[in-house]
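Trainee: What follows is a predicted protein model with its sequence.
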Amino acid sequence: MKINIGRYVPGNSIIHKMDARVKLFANVAFIILFFLANTFILNGLLLLPILISFIVATKKPLHLLKMLVMPIMVGVFILIINMFVLKTPSKPVVGNEIFDWKVHVWWHLKDFVKIDYQITMTSILIMIRIYAIMLTMTVFTLSTQPVLITKALDFYFYPLKLIKIPTHIFTMIISIAFRFVPTLVDEASRIFKAQASRGVDFKNGSFKTKIKSIIVLIVPLFVSSFTKADDLANAMETRGYNPYGKRTSYRTWTFWWFNVVSLFFTIVIIVLCALILSNPNNIFNFPQWWLATKCIFN
């Protein structure tokens, strides 16, 4: 079975058995923390439990390397853009320390294009964040049934029901969107193979030729997507689905000990990261090697 964002992979792992509400809370919390983390060490510590969860849920550690391809490609693209547009100081400042490198600019071309420490670290940080978010979302969707994701969203949207907002409509839309992701991925793969068998070259040729090849792929994908959406709407209508009707559920939540431990672990990580990032009254005396891994500069 293919593993990608939005595809549920049935399993009997401890990650699959976790409460969907806990997984959703941890998923959102880790994504926010990845964006706030300002050192590579903190990013690595946050990424470690996600890597362990992925291996436990899929038992396919080699797939972690396959998922690195797209973040690396995006990181190289961002690096090229930063070489032209990012203005960096001659001496990166980390906290109150100035990192006086022997070579401030590693490579430059008439001060128009350059590569230095800050540009490189910024590009690597973006790559790490993309990889972390992809991994976090993949662990969540592959171990949680779409209907449970809908119930978890509905649980957190419950306060909005008090002000007469039909939250079940939003959760249904999100659930359908999750269901369509793997379907569209498979459809894109099928169209790609079909067009390639007809002689369309997606790899070689000029830039204009590649644009035409991509259009040949995108247009059928859009047509197929709208067709599937229309068929789904007709199927729901013929089955008497009423979006404003009162919703009932036969599922009951079971909150066992591992859910409590996971929720406690997530809250502890949030509190520790908040203390590390804010460092009130300088309670943490970070060593120089920790500061040297800072990837967000003043």
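Mentor: That came through, no problem. Numbering: from 1, shown residues only.
Trainee: Now do the SS call for residue 186.
Mentor: With DSSP: H, G, I helix; E, B strand; the rest coil as the basis, residue 186 sits in helix.
Trainee: So, low pLDDT: which residues of this protein?
Mentor: Across the chain, the ranges flagged by pLDDT under 70 are 1-6, 86-113, 250-251, 289, 291-292, 295-298.
Trainee: can you list the domain ranges for it.
Mentor: In terms of domains, the chain is parsed into 1-145+257-298, 172-243 (source: automatic domain parsing).
Trainee: roughly how far is the longest one from the heart of the chain?
Mentor: Just to be clear, that refers to domain 1-145+257-298. In this view, domain 1-145+257-298 has its centroid 10 Å away from the chain centroid, taken as Cα atoms, centre = their mean, to the nearest Å.
Trainee: any chance you could map the helices in the stretch 151-298 of the chain?
Mentor: All helices of the stretch 151-298 of the chain, identified by DSSP state H, counting those that start in this stretch, fall at 158-161, 167-197, 207-238, 257-278, 288-291.
Trainee: likewise the stretch 1-150 of the chain?
Mentor: Using DSSP H, counting those that start in this stretch, helices in the stretch 1-150 of the chain cover 14-17, 20-36, 40-58, 63-66, 69-85, 117-142, 146-156.
Trainee: The ones you listed into TSV, with extra columns for mean neighbour count?
Mentor: For every residue, glycine as well, the C-beta is placed using N, CA and C. Putting those into TSV (neighbours: other Cβ atoms under 10 Å) gives the following:
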stretch	mean neighbour count
helix 14-17	16
helix 20-36	19
helix 40-58	18
helix 63-66	12
helix 69-85	14
helix 117-142	21
helix 146-156	19
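Trainee: Quick one: closest of these to residue 284.
Mentor: helix 40-58 (11.4 Å; Cβ to Cβ).
Trainee: Quick one: list the elements packing against the closest one.
Mentor: Applying 3 or more Cβ pairs under 8 Å, 6 or more residues apart in numbering; DSSP states H and E, one finds that helix 40-58 makes contact with helix 14-17, helix 20-36, helix 63-66, helix 117-142, helix 257-278.
Trainee: out of those helices, nearest to residue 243?
Mentor: helix 20-36 (22.0 Å).
Trainee: Pull the residues that contact the closest one.
Mentor: By Cβ atoms under 8 Å, 6 or more residues apart in numbering, the residues outside helix 20-36 that reach it are 15, 43, 46-47, 50, 128-129, 132-133, 136-137, 139-140, 143-145, 148-149, 151-153, 155-156, 253, 259, 262-263, 266, 269-270, 273, 277.
Trainee: quick one: residue 55 and residue 61, what's the gap?
Mentor: To residue 61, residue 55 is 5 Å away according to Cβ to Cβ, to the nearest Å.
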